[in-house]
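> Build me a structure from this.
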Amino acid sequence: MLKAYTLLTICVVVWGSNFVFGKILVQDFSPTLLTMLRLLFIVLFLIGLSSFKKHFKRVNKSDLLAVLFLGVIGVFINQWSFFVGLKTADPTTAALILATTPILTGFLATIFLKEKLTIRMLMGSIMAIIGIYYVVTTGNPSSLHFDKGLFWILITMITFAIMIIMTKLLSQRMDPLTITLYSNIVGFIVSIPFAFLLDTPIRISTKLSDWVFLIGTAVVVHGIANLIWNNNIRHVDASKASILSNLEPFVAMLMGLILLYKPITSTEILGSLFIVGGVVLSTYQRKQLKS
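Residues are numbered from 1 along each chain as shown. The predicted model follows:
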């Protein structure tokens, strides 16, 4: 049990650090090209993993449209908007906005999965929105200035929530590795023409260290960390694991301080407490007592 929690915590640290990693990478690579390259190495990793496990399965015609939709919306647009947003958005604020994904997912689940909308979810949503407003305005409502990068991070959050719902629907008929592999292949193929159409000019680093950093973060963040999480999540309580995932904004703050020398402000801490508290409140499930 301790080993499982340790590995899950490492995953959260990796995912929280990805906001700072992305901020560093967009300084040397143009956003759409960076998206294409990251997806390329993620796909190569997944193909290698599937070959090692001898795990290649065909997609049914009835699921093909859903996989294409997931690849375009949940993979390409999700990752592209993430890097476009990080060109100007603060990584800590971006992490706080993305931390509210479970709340939006809950609302989408009530529409598409017919799950119940609770008072607790509404209260948690209001609490999280207050936290976001406090962080964006830096504690002073009169200084409200919405960075355009935060708009793209908001798109990232929405597409991430859609990806969760789509994956849950597809998982009833397909295994996770097959869904991940084919949706990422679709996302990569779609990204190729856009890398040359949207980025003007195209920026690409010639430093070996930048390429090693790009490949390493792509494989570790979206490959290895996801596998470790999926393999260990079954050994712990889901409610406790979800609380662990809410630590990502705090990891982003700490990594921003270490790698970007960005000080942690009291406004960010207070706002993050509201946001994480709202997420925990809206997603908390009471344990059912056995009679």
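
> quick one: low-confidence parts of the stretch 1-150 of the chain?
Scanning the stretch 1-150 of the chain for pLDDT under 70 picks out the ranges 138-146.

> mind listing the strands for it?
Listed in chain order, the stretch 1-150 of the chain contains no strands at all (DSSP state E, counting those that start in this stretch).

> all helices of it, in order?
Listed in chain order, the helices of the stretch 1-150 of the chain (DSSP state H, counting those that start in this stretch) span 2-25, 31-53, 61-69, 78-86, 91-98, 101-112, 119-136, 148-170.

> Switch those helices over to a markdown table; also include distance to W211.
In short, each C-beta sits where N, CA and C put it, glycine included. Output for these, formatted as a markdown table (distance: least, Cβ to Cβ, whole Å):
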| stretch | distance to W211 |
| --- | --- |
| helix 2-25 | 10 |
| helix 31-53 | 9 |
| helix 61-69 | 30 |
| helix 78-86 | 16 |
| helix 91-98 | 21 |
| helix 101-112 | 30 |
| helix 119-136 | 34 |
| helix 148-170 | 24 |
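
> and the helix or strand where L214 lies, what does it pack onto?
When elements are assigned from DSSP states H and E, L214 belongs to helix 208-219. On a contact count with 3 or more Cβ pairs under 8 Å, 6 or more residues apart in numbering; DSSP states H and E, helix 208-219 meets helix 2-25, helix 31-53.

> Try it again at 6 Å.
Packing partners of helix 208-219 (3 or more Cβ pairs under 6 Å, 6 or more residues apart in numbering; DSSP states H and E): helix 31-53.

> Other residues contacting the helix it packs on?
25, 56, 79-80, 83-84, 181, 184-185, 187-188, 191, 194-195, 198-199, 202, 215, 218-219, 222-223 (Cβ atoms under 6 Å, 6 or more residues apart in numbering).

> Run the chain-centre distance for the helix or strand following the helix holding L214.
Remark: after helix 208-219, the chain's next helix or strand is helix 225-232, criterion DSSP H and E. Centre-to-centre, helix 225-232 and its host chain are 15 Å apart (Cα atoms, centre = their mean, to the nearest Å).

> so helix 225-232 versus helix 2-25, what angle?
160 degrees (axes from the mean of the first three to the mean of the last three Cα atoms, to 10 degrees).

> Grab the CA positions of helix 225-232 and hand them over as PDB.
Provided in PDB are the C-alpha atoms of helix 225-232 (Å, rounded to 0.1, in the frame of the first residue of the first chain):
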ATOM      1  CA  ALA A 225       3.500   8.300 -15.500                       C
ATOM      2  CA  ASN A 226       0.200   7.300 -17.000                       C
ATOM      3  CA  LEU A 227       1.100   3.600 -17.000                       C
ATOM      4  CA  ILE A 228       2.300   3.800 -13.400                       C
ATOM      5  CA  TRP A 229      -0.900   5.600 -12.300                       C
ATOM      6  CA  ASN A 230      -3.200   3.100 -14.100                       C
ATOM      7  CA  ASN A 231      -1.300   0.100 -12.600                       C
ATOM      8  CA  ASN A 232      -1.300   1.400  -9.000                       C
END
